[in-house]
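Trainee: What shape does this take:
(2 chains)
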There are 2 protein chains.
Amino acid sequence: MIFIIDAIKQVLLWFIENFIKDVYEGIKRWVKNPKRKLYPIIIVVVLILTVFGVWYSPQVQKVTKVADVKWTMISFLGKETDKIILSQAPRRLKDKIYNMTKGRFIIEIDKKAQINIDTDSILEKVSNGDLDCAYNGIYYNKDKYRPLFFGSAIPFGLNTQQQNAWLYYKKDPNDELTFMQSIYQRSNLNLNVIPFPVAATGGQMGGWFKKEINSIKDFDGLVMRIPGLGAEVLTKFGVITDEDKRGQPLRSNEISGALADKTIDAAEWTGPHDDVKLGLNENTQYYYYPGWWEPGTTFDIQVNLKKWNKLPAHYQAIFKAACHETLMEILAEYDQKNGEQLKQIKQTKTVKPFSAEIMQEAEEETNKLLNFYAQGNPLFKEVYDEWRTFKTRIQGWHNTVNDYAYKREAE
Amino acid sequence: MIFIIDAIKQVLLWFIENFIKDVYEGIKRWVKNPKRKLYPIIIVVVLILTVFGVWYSPQVQKVTKVADVKWTMISFLGKETDKIILSQAPRRLKDKIYNMTKGRFIIEIDKKAQINIDTDSILEKVSNGDLDCAYNGIYYNKDKYRPLFFGSAIPFGLNTQQQNAWLYYKKDPNDELTFMQSIYQRSNLNLNVIPFPVAATGGQMGGWFKKEINSIKDFDGLVMRIPGLGAEVLTKFGVITDEDKRGQPLRSNEISGALADKTIDAAEWTGPHDDVKLGLNENTQYYYYPGWWEPGTTFDIQVNLKKWNKLPAHYQAIFKAACHETLMEILAEYDQKNGEQLKQIKQTKTVKPFSAEIMQEAEEETNKLLNFYAQGNPLFKEVYDEWRTFKTRIQGWHNTVNDYAYKREAE
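Mentor: From the prediction side, this is the model:
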């Protein structure tokens, strides 16, 4: 193609050269006889403007061009959670994409829209195109979306490193989509959404309790802030969730107050750093571990599929890499700050593991629950089967070379 | 500036409109009298070519513009390792950066230069600017570079997730450089290099042995392919390394042959997938775990600091994100394929843990060795102290919420 442009340039130069002569002659003739045609002068003006225009317009485009792509994003976490690490993912992602594209791919975070939208409604708004994309978790509400929970958190499931491997797992290495992304495309879910993992909490704590929990029967009648599949297991042991009691779940900034006025007896959020930022330690003494309901939770940016397909290939590549980078940064920050905070907490609070009995019964109830959902939902069963094979395989490998093989120091 | 362009366009349109009329009249006159000036026809040609040129040249520029930045990279892994996962990092990184910049930031992998260059020489070539960047490990040779080993692998050190957190750790969150990047900048190392983690093997296996290793004394006289700090510990137990025996280390494609002709009695590489690709299982029966000398090894792209500082900010952002993404992909692939391969191996080989005695004595020797280096090298001591605090803290946290808290299934 270059030679065509060169040829055009050559022709233009030849014209310019000859025209300058003709124009000079033309002007001389015109001065002698002003009634002659104005062609030569007009041609000079056109040529000067054209040459200037050809040279100048790409420079102007570079500097002043408005963004190529502008998306709006909302977050499932409200403004009140600004202090916790998890809430930083949207801003980090947006900044990275802005920097990598020199401001030509802009994602605006709609702060107003964050308030009081549950995760299913967000998913549906992304799907029908009301939103370009959203920072969202997928383990709260509708039965229809249960097969998607495997992309976020399953009790007694994968730890963080295993979950990352699972989220990038493709059944066939040549697939364009990861296995979990392909599940979102199933026709019976009726979703036009593609998810990209963007934040990981790492392993979570079991939460803050006003009283000691020594056995399963200590859960009976306990009012606890806890969502998702973990809540479903605990209700079998007699726990009443904040949602059961009030009709709607407590917002993150309400949990500390509910513990203070004894509306609830216990609450879980994520881990030491974020829990303390939300004040969960202020009116409780016992901090239990592990949060077996969420052993390695991940959160996604859900993107409207049509918007995704319209995105130029290099912006798709940038978006994906920025999501990976954000996830690793968030996880590294949790790993560092949770360790520091846990050490502080141990100085005044009782930090204890759930008993072997509790862990065993909870795991049994979890398996019953997962098998129950698999019986009623063929898509859930399909994902569950794939996930179980993956889990057994990767845990076999990790048990071999990871922590189990070492004795570890601990503070 | 846009309005200037618009004004030019308006003027051009006005000319075109009037010229078409004049040209039409001109052609009619020229047909009647072919001796008249050719101005009108020339003007038509110029205008058509100009309009086409103005529209077309930015499109052509986009596609054919030569790269803004072109770097050359070499890999510490030779061509003979093309089948293993670890060797894929340079190609993946290069492709990602190419895609994200639409081909305007090109990294060429110099395949010829890969052969027989040890990791220290590579580091020095990057430092003095002979190379723009290199894919490299940093745990082989010179005492001077020992403080940098903490960026790659330390026996009984951090597992993969902990190592990632360590590599992104900044002493002050406002620092531009990570702690390990800042160590590279110390004047006594005399290096102009900035490293970016780009590949992680995950936990490693302890390697392939011709005979059973039940206690420390079984190491005595054993000839083994093993590099780095792990080799230094094992030589205390009487192991003779391949390098000690031959004067230079075995190349990856020579290990299998050396096991076949009994030049060596044992060899370690990384884990099930890569070890089998290199044929380490072909003449050995015993596969031990864990590879306590490298519990979560990471490899870097080392970049010449001047080249890095000259890189436009958006390319720096793209480079960093592409490194993160490559590391996560490589790790996820190892986690998946090592699990699958380990299951295969167990069908015909004896897969065993090192005994508690071996693990304990090896850890004691490791601590002696690290303390010895800390005494002789203040920079080593500084990094070692920082790393130990980080390690104790993060392991305290991980012991709380990760695998230790669960019983695990395994195949």
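Trainee: where do the strands sit along the stretch 151-300 of chain A?
Mentor: Along the stretch 151-300 of chain A, the segments classed as strands by DSSP state E, counting those that start in this stretch run A:193-202, A:207-209, A:223-225, A:240-241, A:266-267, A:286-289, A:297-304.
Trainee: Distance to chain B, mean neighbour count and mean pLDDT added to those strands, as a markdown table?
Mentor: The C-beta positions use only the backbone N, C-alpha and C, and glycine is treated the same way. As requested, the strands of the stretch 151-300 of chain A are arranged in a markdown table below (distance: least, Cβ to the nearest Cβ, whole Å; neighbours: other Cβ atoms under 10 Å in any protein chain shown; pLDDT from 0 to 100):
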| stretch | distance to chain B | mean neighbour count | mean pLDDT |
| --- | --- | --- | --- |
| strand A:193-202 | 7 | 25 | 97 |
| strand A:207-209 | 12 | 26 | 98 |
| strand A:223-225 | 19 | 22 | 97 |
| strand A:240-241 | 22 | 20 | 96 |
| strand A:266-267 | 17 | 25 | 98 |
| strand A:286-289 | 5 | 21 | 97 |
| strand A:297-304 | 11 | 26 | 97 |
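Trainee: so which of those strands gets nearest A:His398?
Mentor: Nearest of those to A:His398, taken as Cβ to Cβ: strand A:193-202 at 15.1 Å.
Trainee: circling back: out of the strands of the stretch 151-300 of chain A, flag the one nearest A:Lys343.
Mentor: Here strand A:286-289 is closest among these (Cβ to Cβ), at 12.5 Å.
Trainee: residues in contact with A:Met205?
Mentor: With contacts defined as Cβ atoms under 8 Å, 6 or more residues apart in numbering or on different chains, A:Met205 is in contact with A:Glu268, A:Thr270, A:Gly271, A:Pro272, A:Asp275, A:Tyr287, A:Tyr288, A:Tyr289, A:Pro290, A:Gly291, B:Thr400, B:Val401.
Trainee: For the residues you listed, which single residue is the most surrounded?
Mentor: Most neighbours among the contacts of A:Met205, by other Cβ atoms under 10 Å in any protein chain shown: A:Gly271, with 31 neighbours.
Trainee: which residue packs closest to the residue of the stretch 301-411 of chain A found nearest chain B, ignoring adjacent ones?
Mentor: Relative to chain B, the nearest point of the stretch 301-411 of chain A is A:Val401 (3.0 Å; Cβ to the nearest Cβ). Nearest non-adjacent residue to A:Val401, counting by Cβ to Cβ, 6 or more residues apart in numbering or on different chains: B:Gly203, 3.0 Å away.
Trainee: Wait, A:Lys125 touches A:Leu131, no?
Mentor: Yes. With contact defined as Cβ atoms under 8 Å, A:Lys125 reaches A:Leu131; the gap is 4.6 Å.
Trainee: Those two: which has the busier surroundings?
Mentor: A:Leu131 (24 against 18).
Trainee: element containing that one?
Mentor: Assessed by DSSP states H and E, A:Leu131 sits outside every helix and strand.
Trainee: For it, which residues are in contact?
Mentor: A:Thr72, A:Met73, A:Ile74, A:Ala113, A:Ile122, A:Lys125, A:Asn304.
Trainee: quick one: it and A:Asn304, what's the gap?
Mentor: A:Leu131 sits 7 Å away from A:Asn304, taking Cβ to Cβ, to the nearest Å as the criterion.
Trainee: again with A:Val276
Mentor: With Cβ to Cβ as the criterion, A:Val276 and A:Asn304 are 36 Å apart.
Trainee: Equivalent analysis for A:Gln162, please.
Mentor: Applying Cβ to Cβ to A:Gln162 and A:Asn304 gives a distance of 29 Å.
Trainee: got it, and A:Asp218?
Mentor: Distance from A:Asp218 to A:Asn304, by Cβ to Cβ: 46 Å.
Trainee: For the stretch 101-250 of chain A, which residues are neighbours of chain B?
Mentor: Contact residues (Cβ under 8 Å from any Cβ of the partner chain) of the stretch 101-250 of chain A with chain B: A:101-102, A:156, A:159-162, A:164-165, A:167-169, A:202-205.
Trainee: Identify the farthest-apart pair in those residues.
Mentor: Across these, the longest distance by Cβ to Cβ is 45.6 Å; it joins A:Lys102 and A:Phe156.
Trainee: For the stretch 51-200 of chain A, just list every one of the helices.
Mentor: Secondary structure of the stretch 51-200 of chain A (DSSP state H, counting those that start in this stretch): helices located at A:89-100, A:119-127, A:160-167, A:179-184.
Trainee: What is the longest one packed up against?
Mentor: Right, helix A:89-100. strand A:69-75, strand A:105-109, strand A:133-136, strand A:193-202, strand A:297-304, helix A:313-346, helix B:313-345 (3 or more Cβ pairs under 8 Å, 6 or more residues apart in numbering or on different chains; DSSP states H and E).
Trainee: now these as TSV including distance to B:Gly238?
Mentor: Listed next are those as TSV, based on distance: least, Cβ to Cβ, whole Å:
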stretch	distance to B:Gly238
strand A:69-75	59
strand A:105-109	60
strand A:133-136	57
strand A:193-202	41
strand A:297-304	47
helix A:313-346	38
helix B:313-345	27
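Trainee: Looking at the ones you listed, which is nearest to A:Ile117?
Mentor: Of the helices and strands packed on helix A:89-100, nearest to A:Ile117 by Cβ to Cβ is strand A:69-75, at 7.1 Å.
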